[in-house]
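1. Provided below are the primary sequence and the corresponding predicted coordinates.
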Amino acid sequence: MGDLKLGLAQGYWSRAPQENFIEMAQEAEKLGYDSVWSAESWGNDAFTPLCWIGAHTNKIKLGTAVVQLSARTPTACAMHALSLDLMSKGRFILGLGVSGPQVVEGWYGQPFPKPLARTREYIDIVRQVLAREAPVTNSGPHYPLPYTGDDGMGLGKPLKPIVHPVRKDIPIFMGAEGPKNIALSTEIADGWLPLIYNPYDESMYEKSLVNAKPDFEINQMVMVNIDDDLQAGLLRVKTFLSFYIGGMGAKTQNFHKDLFVRMGYEAEADKIQQLFMEGKRDEAINTIPDEFADSISLIGSKARIKDRLQAWRDSRVTSLLVATTDKKQLRDIAELVL
C-alpha cells in the first residue's frame, strides 16, 4: 500500500456555510493536504464553494463529493468541470453520484430508475466534452444528444465545447454504495468515494473491486475527534450514521440502510429506521454499536489515533478525507499522517 494522502471534507451546508471554511482550506493547503471537498444535498450546490476556495488557495485540489446526476444535465456538469479546472489551473476533481429516489424525484423532479445505466451514459458524455475531439453525441435513452423526442423541434445539432480544456483527463470519482455501482466505478471512473469504509474488515468490497486498476483511488471521509473523551467523540459519529440510516431515504428504499445491513447489522438498521421515523432520534443514535462507529472513524487521544491509523495505512484506501471544522485537529492529523 502507498502512503496515505489527506483531504479536507467540508460536506454540504446546513443553515449556512461554516464561517471558517476558507480558513480551513487555506490551513489544509499549508499543512500539505492534497485536496478539499464540497458536497450538495437539497441546499447549496457543490461547485460554488469550490470556486470560492479556489480563488483563495494556490495548489490544493478541489473535489466534489458528490454532485448529484439529476441536478444538471451531463453537458452542464461538464461545463462546470471545464470552468473550474481552467480557473484553478488544473486542480479540479469531479466526484458524482446518483443520490436516491427521495431527492431525485422529490427535489429534482426526475425519474430515479436505472441508476447504473444513467451513470454510464452520463460519464461517457462528460468525458466526450472534456476530450473535445468531436461533436458530442449520445444514442442512449437517458440523455439523447441531439434530442430526438417527438415533442422537440428536430433542430438539435451535435456540438463541441467552445472552451478548450486545460486537461482532457480531469479525474472522475463515483460516490457509490451498492456492489454493482462500486464495480462500475472501477470500470468507468478514476476513483471511488465510499460513504462508509471499515479498514478492519474490507471483505465486503473485495468482489466489487476485483477489476480495479493499480492506480484506482479510494477517498474515504473520516470523522475525526482528538479528545480523551471517547464516548463524546463516538456520539458525533453515531449521530451522523443514524441520520443516514434512518432519515436519508424512504422506508422501502434507503441505500445507506442497505449498506449497513450488508455490513452485518440488519436488526440494528431496522430498529434505527423505525425509531427515526417515530421521532425517537436519541434512541436511534444509541442503537449504533460503539465498536462499529469506532472502526470507521478516528476518535480518542493522539496516541490512540496514531495506533489506529495503521489499519487505514494497510487498507486499500488512498486518501483520508478529514471531516472537521477545527484547525488544531487539522494540524494534529497532518502531524500524525504526513
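-> Everything's here; your move.

2. Please list all residues in contact with the residue positioned nearest the centre of the chain.
-> Nearest to the mean C-alpha position of the chain, by CA atoms, centre = their mean, lies Ala65 at 3.2 Å. Listed by CB atoms under 8 Å, 6 or more residues apart in numbering, the contact set of Ala65 reads 9, 37-39, 46, 95, 173, 175, 193, 219, 221, 321. Heads up, the C-betas are built off the backbone N, CA and C, glycines and all.

3. Just the ones in strands from those, please.
-> When the contacts of Ala65 are checked against strands (DSSP state E), the matches are 9, 37-38, 95, 173, 175, 193, 219, 221, 321.

4. any chance of the residues you listed in a markdown table, plus distance to Pro135, neighbour count and pLDDT?
-> Shown next, in a markdown table, are these (distance: CB to CB, whole Å; neighbours: other CB atoms under 10 Å; pLDDT from 0 to 100):
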| residue | distance to Pro135 | neighbour count | pLDDT |
| --- | --- | --- | --- |
| Ala9 | 37 | 23 | 98 |
| Trp37 | 32 | 30 | 98 |
| Ser38 | 31 | 30 | 98 |
| Gly95 | 27 | 24 | 98 |
| Phe173 | 27 | 24 | 98 |
| Gly175 | 29 | 23 | 97 |
| Leu193 | 31 | 30 | 98 |
| Asn219 | 33 | 26 | 98 |
| Met221 | 38 | 24 | 97 |
| Leu321 | 37 | 24 | 98 |
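
5. Take those residues and write them to CSV, including distance to Cys51.
-> CSV is the format used below for these (distance: CB to CB, whole Å):
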residue, distance to Cys51
Ala9, 18
Trp37, 14
Ser38, 10
Gly95, 16
Phe173, 19
Gly175, 21
Leu193, 20
Asn219, 21
Met221, 21
Leu321, 19
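
6. name the element the nearest residue to Ile53 once chain neighbours are set aside belongs to?
-> In this structure, Ile53 finds its nearest non-sequential neighbour in Ala25, 4.5 Å apart by CB to CB, 6 or more residues apart in numbering. For Ala25, the host element (DSSP states H and E) is helix 21-31.

7. what ranges do the strands span in the stretch 151-300 of the chain?
-> Secondary structure of the stretch 151-300 of the chain (DSSP state E, counting those that start in this stretch): strands at 172-175, 191-193, 217-226, 298-300.

8. partners of the third one, with directions?
-> Spelled out, that is strand 217-226. strand 191-193 (parallel), strand 298-300 (parallel), strand 319-323 (parallel) (DSSP bridges).

9. Next: the first one.
-> Take DSSP bridges as the rule and strand 172-175 pairs in its sheet with strand 92-97 (parallel), strand 191-193 (parallel).

10. so which of these gets nearest Pro161?
-> strand 92-97 (14.8 Å; CB to CB).

11. For whichever helix or strand comes after the closest one, buried residues please.
-> Sequence-wise, the next helix or strand downstream of strand 92-97 (DSSP H and E) is helix 101-106. Buried residues in helix 101-106, defined by neighbour count with 16 or more other CB atoms under 10 Å: 101-105.

12. picking up where we left off before, show me what contacts the residue nearest to Ile53?
-> 8, 10, 36, 53, 56-57, 60.

13. could those residues go into CSV alongside distance to Leu338 and neighbour count?
-> Output for the contacts of Ala25, formatted as CSV (distance: CB to CB, whole Å; neighbours: other CB atoms under 10 Å):
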residue, distance to Leu338, neighbour count
Leu8, 13, 27
Gln10, 19, 25
Val36, 15, 29
Ile53, 20, 25
His56, 22, 12
Thr57, 17, 20
Ile60, 13, 23
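
14. would you turn the residues you listed into CSV with distance to Pro179 and pLDDT?
-> Formatted as CSV, the entries for the contacts of Ala25 read as follows, by distance: CB to CB, whole Å; pLDDT from 0 to 100:
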residue, distance to Pro179, pLDDT
Leu8, 29, 98
Gln10, 29, 96
Val36, 29, 98
Ile53, 34, 98
His56, 40, 98
Thr57, 36, 98
Ile60, 33, 98
